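> Need a 3D model of the following:
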Amino acid sequence: MPMPNTKTTDSRYNDSSYRDSTAHEAISNIQKEERRKLIAALKDLANQHGYRIVSLIELEELEC
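Numbering: from 1, shown residues only. So this is what the prediction gives:
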């Protein structure tokens, strides 16, 4: 059953509002890799300034 159109984009559904698990998985993997790279960059930056990140870094994506 197709998902009704909503204002927010849900990567689990394609433009026709049908489930698209392949696209969702691909988008999720890209987002995870982007977060890994960002956290690595934050760790490098902290290290360059004589700091070490010692606890969980929690990221929340901004809605644009």
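> Could you use CA atoms for every contact and neighbour count after this?
Will do.
> Low-confidence bits of this structure, can you list those?
Scanning the chain for pLDDT under 70 picks out the ranges 1-8.
> Now do the helices in the chain.
Ranges of helices in the chain, per DSSP state H, are 21-48.
> Pick out the residue closest to the middle of it.
Geometric centre of the chain, nearest residue: Q31, 3.5 Å, by Cα atoms, centre = their mean.
> Let me know the distance separating that one from G50.
Distance, Q31 to G50, by Cα to Cα, to the nearest Å: 29 Å.
> What residues of stretch 21-37 count as buried?
Buried residues in stretch 21-37, counting neighbours by 16 or more other Cα atoms under 10 Å, are found at H24.
> how much distance is there from that stretch to the middle of the chain?
Centre-to-centre, stretch 21-37 and its host chain are 6 Å apart (Cα atoms, centre = their mean, to the nearest Å).
> Also stretch 45-57?
Using Cα atoms, centre = their mean, the offset of stretch 45-57 from its chain centre is 22 Å.
> hmm, who's touching it?
The contact list for stretch 45-57 (Cα atoms under 8 Å, 6 or more residues apart in numbering) reads 39, 43.
> Need the distance between the two termini of it.
End-to-end distance of stretch 45-57: 14 Å, with Cα to Cα as the criterion.
> And for this structure, the residue most distant from the center?
Going by Cα atoms, centre = their mean, the residue of the chain most distant from its centre is G50, 28.4 Å out.
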